[in-house]
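Asker: okay, here's the prediction I keep looking at, along with the sequence it came from:
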Amino acid sequence: MKSGFVVPTDLDPIERHPKAVGPGERMRMHNHMCYGCGEDSPNGLHLEIYAGEGFTIRASMEVEPHFEGGPGVLHGGILTTAFDDVMGMAPLLVGPSAVTVHLEVDFLRPIPVGSTLELSATLLGRQRRKLYTEGVAHIGDPDQPVAVAHAIFVSINAREHFAEHLDKSQISDEYKQRLSRP
Ligand SMILES: CCCCCCCCCCCCCC(=O)SCCNC(=O)CCNC(=O)[C@H](O)C(C)(C)COP(=O)(O)OP(=O)(O)OC[C@H]1O[C@@H](n2cnc3c(N)ncnc32)[C@H](O)[C@@H]1OP(=O)(O)O
C-alpha cells in the first residue's frame, strides 16, 4: 500500500474516556445538521457511526447513484467527506471535540455505485492537542481495502470555536443555546 503520510513514532498513549460511548453503541450525533452524519441534513450522507472496541469507530455507507464521480464509481470527494466524519468521531472516544487540520486519502481501487462501503477509523495516539487517526474502507473483503486515510484532529473548546459562526448555522435553537452557554 502506498502512503506518504508519516505517523510519528513517539505518540503519547491514550485512554478511553469513562463517559465515551461503549463498543457497539451508536456515536452521539455531534450536530444534527452535519453533512456527514446529521439526520436533518437535507442532502447529507446520513452516516450512522458506531463505536468499536478499543479506539475504533465504524460505519457503513450505501454508494448511491447521485454520489457518482467517474462513470459508475464513487466521487473521491464524497469518500473523503465520509472519512472526515467517521475519523472525526474517533477523538470523542478519549475526550472533547476535535476538528480536522489535516486529511489525506489514498484511493486504491474504484468503488462502484451500488456497493456498500464499510468504513473504519482507529485513533492511533496523541501529541499534545493533536490526535492522529487512520481510516480504512472496503467493499467486501476486509483484506482488500479500496481506500486508506490519515488525519490529524486538534482538540478544541467547541463553545469558543464555533461561537462566531453559530448565527449562520441551521441547527435548532435548543442546540444553539446549549452551545452558547458559558
Ligand atoms: C458539540 C458540537 C461540537 C462539534 C464538534 C465537532 C466534531 C467533529 C466531527 C467531525 C466533523 C467533520 C470534521 C470537520 O469537518 S472539522 C471542519 C474542518 N476543520 C476546521 O475548520 C479547522 C480549521 N482550523 C482551525 O480552526 C485551527 O487550525 C485550530 C483551532 C484547529 C488550531 O488552531 P490553534 O491556534 O488553536 O492551534 P495551533 O495552530 O497551535 O495548532 C495546534 C497543533 O496542531 C498543529 N497543526 C495545526 N494545523 C496543522 C496541520 N494542517 N497539519 C499538521 N499539524 C497542524 C500545530 O502545529 C500544533 O501542533 P504542536 O505545536 O502542538 O505540535
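Answerer: Arrived safely, thanks for sending.

Asker: tell me what the longest strand belonging to the chain is packed against?
Answerer: Looking across the chain with DSSP state E, the single longest strand is strand 116-127. Packing contacts for strand 116-127, counted by 3 or more Cβ pairs under 8 Å, 6 or more residues apart in numbering; DSSP states H and E, involve strand 56-62, helix 76-89, strand 130-138. C-beta coordinates here come from the backbone N, C-alpha and C atoms, glycine included.

Asker: give me every residue in the protein lying close to the ligand.
Answerer: 30-31, 84-85, 88, 97, 99-102, 127-130, 152, 154, 156, 158 (Cβ under 6 Å from any ligand atom).

Asker: and the residue of the chain found nearest the ligand, what's its pLDDT?
Answerer: Relative to the ligand, the nearest point of the chain is residue 88 (2.5 Å; Cβ to the nearest ligand atom). The per-residue pLDDT reported for residue 88 equals 97.

Asker: what sits against it?
Answerer: 30, 36, 98, 99, 100, 151, 153 (Cβ atoms under 8 Å, 6 or more residues apart in numbering).

Asker: from residue 65, how far out is it?
Answerer: 26 Å (Cβ to Cβ, to the nearest Å).

Asker: again with residue 43
Answerer: To residue 65, residue 43 is 14 Å away according to Cβ to Cβ.

Asker: residue 10 is nearest to which of the helices and strands packed on strand 116-127?
Answerer: For the helices and strands packed on strand 116-127, the distance to residue 10 is smallest for strand 130-138, at 11.1 Å, taking Cβ to Cβ.

Asker: residue 162 sits in which helix or strand?
Answerer: helix 158-162 (DSSP states H and E).

Asker: do residue 175 as well
Answerer: Going by DSSP H and E, residue 175 is part of helix 173-180.

Asker: lovely, talk soon.
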